[in-house]
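Student: I'd like to go over a predicted model; first the sequence, then the structure.
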Amino acid sequence: MDKYQKLFKYCDEHGIKAKYDVPLSSLTTFKIGGNCRMYVEAENSSQVSKLVTDCNALGIKYIVIGKGSNIVANDDGLDMLVMKLTGDLAKVTRLDDYTFHCGAGMSLAGLCREVENNSLSGLEFAWGIPGSVGGAVYMNAGAYGGEIKDTVFSVTHIDKDGKIGTIKSENLKFGYRHSVYKENGFTIIGATFKLKLDNRTEIRNRMDDYMSRRKDKQPLEFPSAGSVFRRPEGNYAGALIEKCGLKGKKVGGAQVSPKHAGFIVNVGGATAKDVKELVKLIQDTVQNETGYYLKREIIFLD
């Protein structure tokens with residue numbers, strides 16, 4: 001019995017949904033990638049703790065994928081466990097008039113709807129971001145002048161020893177597309193948000209405005225991984241790429257979006273290799289012609 005069979009046996013005995021060889025293209029918004037060796041759905045913190053502990057003991061690499069919206073998965077697949085948080089870890093609970101605790105597996109859109117229904121403001125900017133709460137916290141997602149850090153009170157995680165812990169907002173090291181979880185390798189399982197009471201109609205109007213802007217400017221009609229590059233200081237990635245004449249540039253099935261040059265879209269049959277080549281071409285061209293080096297925001301899983 002190999003290490004994956006041992007882990008699969010534990011999952012089967014404890015009612016954890018597990019599968020072998022699940023296509024990563026079905027787990028990511030870019031619709032790219034070969035199979036992961038094993039896929040599981042964890043419904044509570046105890047299951048995550050046990051899975052983390054067992055993976056470490058067995059020498060199995062693992063990763064949690066929320067909505068897979070910032071990821072380009074390897075064409076040959078991944079020799080690792082891919083975990084999705086469901087059940088209790090994808091629910092939201094109201095703690096008081098202004099505070100919600102949300103499982104990391106819940107969609108950011110679901111949380112936005114919940115707080116809007118309760119006339120609470122602070123997450124309007126996130127309406128339309130196609131990610132999970134855990135992923136948004138991990139990278140301090142932001143748009144239209146707002147960031148996740150503006151409303152997070154604390155984050156709950158499973159550490160590398162399988163123990164549950166909590167970090168308060170002041171210790172989360174939030175920065176531009178950064179949090180302490182990019183450093184410590186812990187698994188985020190939930191977050192607590194503090195929001196502000198506001199007029200529900202005004203909240204909804206702001207959400208609708210942001211969504212309208214996204215539809216107008218972003219290539220939502222094609223699979224993508226969202227913004228490809230971090231915003232360079234004093235400029236914008238999309239503007240620099242367009243200035244260099246790369247709008248519409250294709251490598252295989254990957255294309256710099258003609259609608260927004262800050263996005264690479266899958267126009268059909270794109271591979272991770274295509275995306276990597278196109279990213280490198282963009283970085284080299286922009287640096288040579290403008291002096292700016294564009295740092296990636298998307299994550300390549302290899």
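Tutor: Ah, there it is. Predicted, not measured: the structure shown is a model, and the values here were computed from it. Numbering: from 1, shown residues only.
Student: residue ranges of the helices in this structure, please?
Tutor: Using DSSP state H, the helices of the chain run over 3-13, 45-58, 108-117, 133-138, 181-184, 200-217, 237-243, 272-290.
Student: so which bits of the longest one are buried?
Tutor: Buried residues in helix 272-290, defined by neighbour count with 16 or more other C-beta atoms under 10 Å: Ala272, Lys273, Asp274, Val275, Lys276, Leu278, Val279, Ile282, Gln283, Thr285, Val286, Thr290. Using the backbone N, CA and C atoms, a C-beta is placed for each residue, glycine as well.
Student: show me the contact partners of it.
Tutor: Here helix 272-290 makes contact (C-beta atoms under 8 Å, 6 or more residues apart in numbering) with 30, 32-33, 72-75, 228-229, 240-241, 243-244, 246, 249-256, 264, 292-294, 296, 298, 300.
Student: next step: those residues restricted to strands.
Tutor: Among the contacts of helix 272-290, DSSP state E puts Val72, Ala73, Lys250, Val251, Ala254, Gln255, Val256, Ile264, Phe300 in strands.
Student: list the contacts for the second one?
Tutor: Contacts for Ala73 (C-beta under 8 Å, 6+ apart) come out as Leu24, Ser25, Leu27, Thr28, Phe30, Ile32, Gly33, Gly34, Cys36, Ala272, Leu301.
Student: farthest pair in these?
Tutor: Pairwise distances across the contacts of Ala73 peak at 14.8 Å for Phe30 and Cys36 (criterion: C-beta to C-beta).
Student: just the buried residues of the ones in strands among the contacts of helix 272-290.
Tutor: Val72, Ala73, Val251, Ala254, Gln255, Val256, Ile264.
Student: look up how far Phe125 lies from the residue nearest the centre of the chain.
Tutor: The chain has Gly135 as the residue nearest its centroid, 3.8 Å off, counting by C-alpha atoms, centre = their mean. Separation of Gly135 from Phe125 (C-beta to C-beta, to the nearest Å) stands at 16 Å.
Student: and what of Lys196?
Tutor: From Lys196 across to Phe125, the span is 14 Å (C-beta to C-beta).
Student: just the pLDDT for Val275.
Tutor: In this model, Val275 is scored at 98, pLDDT.
Student: circling back: including distance to Asp208, could the buried residues of helix 272-290 go into JSON lines?
Tutor: Shown next, in JSON lines, are the buried residues of helix 272-290 (distance: C-beta to C-beta, whole Å):
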{"residue": "Ala272", "distance to Asp208": "35"}
{"residue": "Lys273", "distance to Asp208": "39"}
{"residue": "Asp274", "distance to Asp208": "35"}
{"residue": "Val275", "distance to Asp208": "32"}
{"residue": "Lys276", "distance to Asp208": "37"}
{"residue": "Leu278", "distance to Asp208": "33"}
{"residue": "Val279", "distance to Asp208": "33"}
{"residue": "Ile282", "distance to Asp208": "32"}
{"residue": "Gln283", "distance to Asp208": "36"}
{"residue": "Thr285", "distance to Asp208": "37"}
{"residue": "Val286", "distance to Asp208": "34"}
{"residue": "Thr290", "distance to Asp208": "36"}
